[in-house]
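> Give the three-dimensional model of this entry:
(one chain, ligands or ions: 2)
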Amino acid sequence: MAIENSIVVPAYHEKLNIGPLTKRLFAALGNSDSKITELIFVDDNSQDGSVEEVEKLKKEGYNVNIIVRTTERGLSSAVLRGFQESKGEYLVCMDADLQHPPESVPDFLNKLRKHPFVIGTRYAAGVGIDKDWPLYRRVISGGARILAVPLTTATDPMSGFFGLQKKYLTSAKNIDTQGFKIALELLAKLPLPKDQPIGEFPYSFGVRTEGESKLSSKVMIQYLQQLKDLYVYKFGASTIVATLLALVVLVLLVLSSLFHAIF
Ligand SMILES: Nc1nc2c(ncn2[C@@H]2O[C@H](COP(=O)(O)OP(=O)(O)O[C@H]3O[C@H](CO)[C@@H](O)[C@H](O)[C@@H]3O)[C@@H](O)[C@H]2O)c(=O)[nH]1
Ligand SMILES: [Mg+2]
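Numbers count the residues shown, from 1 in each chain. Ligands and ions are numbered 1, 2, ... in the order given. As a prediction, the model looks like this:
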């Protein structure tokens, strides 16, 4: 049967999560959807036994593959590489570490058949973030989310759980592949149809039990760089300079009124 769905998973040092994710995903899909779904891990030469783990799962009959990159690193570029090598029309990206529940993929795919782009959201009624997710991560994620508000209507553009119909990816241009925030980049730059809204898929964000997060200060700086570029892309450099100048003038006015009021 022809492959319709491709689940792409960026993975770096995720050997212990590969088996549980594969088994839970295909169990959730059931017999008929498993036949039309492929799972692709994109690993950046972890050399931790991830390749052997995938080979074992393949022998057990799972439709799973692993692409090993040796000259590139990074979450966003890994996702795009997986999308490029995929066979399906319906592309889903999710993390390897089970923070995105594999059991929600069948419902996610149903939604993706009705929307050009679907983004998983932790900010909706009845869902949320596991109470054990560290406070500092909540603060970083919340701050990053606020900074992205002018760029997209999505409630959770920081999400690494998203999907799109492949036909819209082929016209993607100037995609920045640095850092972690590939969903935000695609939402801002893909020529998605104006009359079809993006789909929001509520889900509860779990905690990692195996391996470690790869979020680093370098990734955060890459995000700020990406934001700057997206602001310029969307609003133009001159509008941003004018807005910053207006903000400086406003702050100076407020300070001078305070000064007069006090002295
Ligand atoms: N190939 C590859 N994969 C990577 C790399 N860096 C991270 N990954 C993979 O990308 C996924 C997410 O990385 P984590 O390190 O688990 O990220 P996180 O800190 O938990 O962040 C998650 O939550 C954010 C929302 O706050 C999401 O934005 C982010 O995408 C991710 O889902 C994991 O499967 C991880 O192995 C890399 O350089 N190369
Ligand atoms: Mg994680």
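
> now the helices: where do they sit in this structure?
Per DSSP state H, the chain carries helices over the ranges 15-35, 50-59, 75-84, 105-112, 135-147, 166-169, 182-189, 217-235, 237-262.

> Up against ligand 2, what does the stretch 51-200 of the chain have?
Listed as neighbours of ligand 2 in the stretch 51-200 of the chain under the rule C-beta under 5 Å from the ion: D97, Q99. C-betas here are computed from N, CA, C, even on glycine.

> Residue of the stretch 51-200 of the chain closest to ligand 1, please.
Residue of the stretch 51-200 of the chain nearest ligand 1, by C-beta to the nearest ligand atom: G160 (2.4 Å).

> isn't that residue right up against Y203?
No: counting by C-beta atoms under 8 Å, G160 does not reach Y203; the two are 11.4 Å apart.

> so what's in contact with those two at the same time?
Taking C-beta atoms under 8 Å, 6 or more residues apart in numbering as the criterion, G160 and Y203 both touch H100.

> quick one: contacts for A124?
Applying C-beta under 8 Å, 6+ apart to A124 gives the contacts T155, E200, P202.

> And the pLDDT at it?
Looking at A124, its pLDDT reads 94.

> what do you get for T239?
77.

> That one - how many residues pack around it?
Neighbour count of T239, defined by other C-beta atoms under 10 Å: 12.

> Quick check: residues of the stretch 151-263 of the chain near ligand 1?
Selection of the stretch 151-263 of the chain residues close to ligand 1 by C-beta under 6 Å from any ligand atom yields M158, S159, G160, F180, S213, K214, L215.

> Look at the fifth one and say how many residues are nearby.
This means S213. 12.

> how close does it sit to G206?
To G206, S213 is 13 Å away according to C-beta to C-beta, to the nearest Å.

> Equivalent analysis for the fourth one, please.
Relative to G206, F180 is positioned 18 Å away (C-beta to C-beta).

> Neighbour count for these two, which is higher?
Neighbours were counted for F180 and for G206 using other C-beta under 10 Å; F180 has more, 22 against 16.

> List phi and psi for the most centrally placed residue in the chain.
Computing the C-alpha centroid of the chain and ranking residues by C-alpha atoms, centre = their mean puts G160 first, at 2.4 Å. Phi and psi for G160, reported as degrees, to the nearest 10, are phi -100, psi 10.

> so who does it touch?
L75, C93, M94, D95, H100, F180, I182, A183.

> M220 against V139, yeah?
No: using C-beta under 8 Å, M220 is not in contact with V139, being 11.8 Å away.

> of the two, who's got more company?
Comparing M220 with V139 by other C-beta under 10 Å, the one with more neighbours is M220, at 15 against 10.

> what residues are up against the more buried one?
Contact analysis of M220 by C-beta under 8 Å, 6+ apart lists I140.
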